[in-house]
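Peer 1: Have a look at this fold, sequence not included:
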């Protein structure tokens with residue numbers, strides 16, 4: 001059976017994800033994604049400069065209040081993208097082209113219904129939600145306006161992220177990156193013109209937030225008109241298959257919970273820094289977490305986009321030899337890349353923090369000093385996120401969920417609570433590297449077990465067929 005599935009994937013479908021060297025494919029898909037995300041990172045930095053200078057403290061406050069809705073946008077888009085792409089990729093790797101097409105089409109309509117319902121509810125209850133998010137009376141009108149405009153773009157944002165994930169399974173990562181890059185450029189141009197030329201204020205900023213990711217939705221034309229894809233959207237799939245939709249949602253759950261863990265972590269550390277330190281410590285963390293750690297997180301996120309299509313297709317094709325190679329490559333390469341960038345951040349912490357702090361020497365000194373604990377061992381902590389993506393793609397959702405939440409929720413938050421009790425504010429900062437070491441050790445337990453399991457499967461397949469697999473020979 002394993003040989004039959006592999007033959008279909010390699011000969012009939014001619015999928016590079018199931019045939020070409022794993023290391024090269026992982027690097028290719030990760031780097032292509034990184035290019036698109038780099039554009040998004042530049043966009044985030046420019047956004048802060050434009051809004052801060054154009055709208056002042058009011059604009060920055062409004063954007064800060066609605067940030068949970070932006071995080072919800074990323075959580076839903078990432079979860080649905082992982083779920084749909086994984087289910088479709090598994091079927092495609094197994095040679096079930098019709099099943100892959102149905103999984104994508106059902107996933108599209110499921111995402112559409114879900115996000116429309118959420119967007120409408122948030123739009124209707126925008127005043128109440130604004131108060132829940134912490135809007136003061138002076139900010140309330142601006143926040144409500146922002147929320148309602150943002151909700152008009154919300155479905156396009158979520159669906160664009162979902163289809164971008166499927167593009168990678170369809171071996172079109174360049175198209176997904178082009179959508180990311182193009183949307184970032186157009187959105188920043190709009191933001192500048194709407195604030196400095198048209199004086200649209202919060203309205204312009206809200207449209208910017210909607211278009212910065214909402215423009216990714218243009219890739220729908222590829223799935224509608226291209227003759228080179230097996231993923232098509234069918235009106236017959238508007239009636240949802242309960243079992244298939246449940247499979248998509250369950251697989252995507254770890255990605256959603258990972259974002260939720262980040263929210264809890266940010267809330268906890270801000271509270272501890274505020275109680276044990278003050279506004280200066282909170283500001284320093286905002287700079288480090290919003291820019292330096294953001295870039296490191298972007299790197300492991302790109303690695304997950306390299307892992308997911310390779311893992312899902314080769315899992316469906318029953319290629320344990322290629323999955324073993326993928327695990328080793330993904331963990332080592334990601335750790336090495338993040339270690340290099342982390343070292344750069346630590347060495348150049350003062351000039352980097354000066355860009356965001358301006359002429360506040362105390363803040364610059366505090367942020368630069370604490371770049372060390374936040375960045376030093378991030379390369380180890382990132383292993384849990386990469387392996388979470390792998391286990392999602394091979395349909396081990398429980399393990400994926402545990403690993404996805406482990407770094408921040410299972411280890412960092414308890415470390416903050418324990419270490420701050422006897423080290424004070426220093427314990428809050430230095431909890432992160434301790435948590436990263438513990439998280440890495442925890443993750444390696446699952447890595448070793450999975451490598452042994454895959455090795456046994458590969459040996460069994462080899463003995464059944466008496467033919468060593470191509471990738472096994474390379475590995």
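Peer 2: Received, thanks. The structure displayed is predicted, hence computed values, not measured ones. Residues are numbered from 1 along each chain as shown.

Peer 1: Kindly state the domain boundaries assigned to the protein.
Peer 2: 22-240, 253-468 (automatic domain parsing).

Peer 1: how about the strands of the stretch 101-250 of the chain, start to end?
Peer 2: Under the criterion DSSP state E, counting those that start in this stretch, the stretch 101-250 of the chain carries no strands.

Peer 1: pLDDT weak spots in it?
Peer 2: By pLDDT under 70, the weakly predicted segments of the stretch 101-250 of the chain are 133-136.

Peer 1: one more time with 50, if that's ok
Peer 2: Nowhere does the stretch 101-250 of the chain drop to pLDDT under 50.

Peer 1: all helices of it, in order?
Peer 2: Secondary structure of the stretch 101-250 of the chain (DSSP state H, counting those that start in this stretch): helices at 126-132, 137-169, 173-192, 202-214, 220-225, 242-276.

Peer 1: Would you tell me which helix is longest in the chain?
Peer 2: The residue-count maximum for a helix in the chain (DSSP state H) belongs to helix 425-465.

Peer 1: out of the domains of the chain, which comes closest to residue 247?
Peer 2: domain 22-240 (5.6 Å; CB to CB). For every residue, glycine as well, the C-beta is placed using N, CA and C.

Peer 1: Need the distance between the two termini of the closest one.
Peer 2: 35 Å (CA to CA, to the nearest Å).

Peer 1: follow-up on the earlier one: can you redo the domains of the chain as CSV with mean neighbour count and distance to residue 246?
Peer 2: Formatted as CSV, the domains of the chain follow (neighbours: other CB atoms under 10 Å; distance: least, CB to CB, whole Å):
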stretch, mean neighbour count, distance to residue 246
domain 22-240, 19, 10
domain 253-468, 20, 11
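
Peer 1: Output those domains as a markdown table; include the columns distance to residue 247.
Peer 2: A markdown table is the format used below for these (distance: least, CB to CB, whole Å):
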| stretch | distance to residue 247 |
| --- | --- |
| domain 22-240 | 6 |
| domain 253-468 | 9 |
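
Peer 1: spatially speaking, which residue is in the middle of this structure?
Peer 2: Nearest residue to the geometric centre of the chain (CA atoms, centre = their mean): residue 301, 5.0 Å.

Peer 1: Can you spell out which helices and strands pack onto the host helix or strand of it?
Peer 2: For residue 301, the element it lies in under DSSP states H and E is helix 293-316. On a contact count with 3 or more CB pairs under 8 Å, 6 or more residues apart in numbering; DSSP states H and E, helix 293-316 meets helix 22-54, helix 56-93, helix 137-169, helix 320-347, helix 371-375, helix 378-393.

Peer 1: Mind doing that once more with 7 Å?
Peer 2: helix 22-54, helix 56-93, helix 137-169, helix 320-347, helix 378-393 (3 or more CB pairs under 7 Å, 6 or more residues apart in numbering; DSSP states H and E).

Peer 1: got the angle between it and helix 137-169?
Peer 2: 40 degrees (axes from the mean of the first three to the mean of the last three CA atoms, to 10 degrees).

Peer 1: what's the angle between helix 293-316 and helix 425-465?
Peer 2: Using the same axes, to 10 degrees, helix 293-316 lies at 20 degrees relative to helix 425-465.

Peer 1: now helix 293-316 against helix 22-54, angle please.
Peer 2: Between the axes of helix 293-316 and helix 22-54, defined by the same axes, to 10 degrees, the angle is 150 degrees.

Peer 1: Quick one: mean pLDDT over helix 293-316.
Peer 2: Helix 293-316 carries an average pLDDT of 81.

Peer 1: I'd assumed residue 453 was in contact with residue 323.
Peer 2: No. If you go by CB atoms under 7 Å, residue 323 and residue 453 don't touch, sitting 9.7 Å apart.

Peer 1: ok so, going back, can you state the direction angle for the helix holding residue 301 and helix 56-93?
Peer 2: Angle of helix 293-316 versus helix 56-93, following the same axes, to 10 degrees, is 10 degrees.

Peer 1: Touching stretch 67-74 from outside, list them.
Peer 2: Stretch 67-74 is contacted from outside by 133, 147, 150, 154, 157-158, 209, 213, 259, 263, using CB atoms under 7 Å, 6 or more residues apart in numbering.

Peer 1: With distance to residue 383 added, can I get these in CSV?
Peer 2: Listed next are these as CSV, based on distance: CB to CB, whole Å:
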residue, distance to residue 383
133, 33
147, 37
150, 34
154, 33
157, 29
158, 28
209, 32
213, 27
259, 19
263, 22
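
Peer 1: of all those residues, which comes closest to residue 354?
Peer 2: residue 209 (27.6 Å).

Peer 1: what sits against the residue nearest to that closest one when sequence neighbours are not counted?
Peer 2: Nearest residue to residue 209, sequence neighbours excluded (CB to CB, 6 or more residues apart in numbering): residue 150, at 5.4 Å. Residue 150 is in contact with 66, 69, 206, 209-210, counting by CB under 7 Å, 6+ apart.

Peer 1: ok, now with 10 Å
Peer 2: By CB atoms under 10 Å, 6 or more residues apart in numbering, the contact list for residue 150 reads 66, 69-70, 73, 119, 122-123, 126, 157, 205-210, 214.

Peer 1: same deal with residue 451?
Peer 2: 320, 323-324, 327-328.

Peer 1: Any idea which of those the model trusts least?
Peer 2: Lowest pLDDT among the contacts of residue 451: residue 320, with 81.

Peer 1: Distance of that one relative to residue 220?
Peer 2: Noted for residue 320: a distance of 35 Å to residue 220, by CB to CB, to the nearest Å.

Peer 1: now stretch 303-317, how far from the centre of its chain.
Peer 2: Distance, stretch centre to chain centre, for stretch 303-317: 15 Å (CA atoms, centre = their mean, to the nearest Å).

Peer 1: same question, stretch 139-154
Peer 2: On CA atoms, centre = their mean, the centre of stretch 139-154 falls 24 Å from that of its chain.

Peer 1: Also stretch 424-441?
Peer 2: 23 Å.

Peer 1: Please work out the angle formed by the directions of the helix holding residue 301 and helix 242-276.
Peer 2: 160 degrees.

Peer 1: chain center to helix 293-316: distance?
Peer 2: For helix 293-316, the distance to the chain centre is 8 Å (CA atoms, centre = their mean).

Peer 1: what does stretch 386-401 give?
Peer 2: Mean-position distance between stretch 386-401 and its chain equals 14 Å (CA atoms, centre = their mean).

Peer 1: just stretch 194-213 next, same as before
Peer 2: 25 Å.

Peer 1: From one end of that stretch to the other, what's the distance?
Peer 2: Taking CA to CA, stretch 194-213 runs 18 Å from one end to the other.
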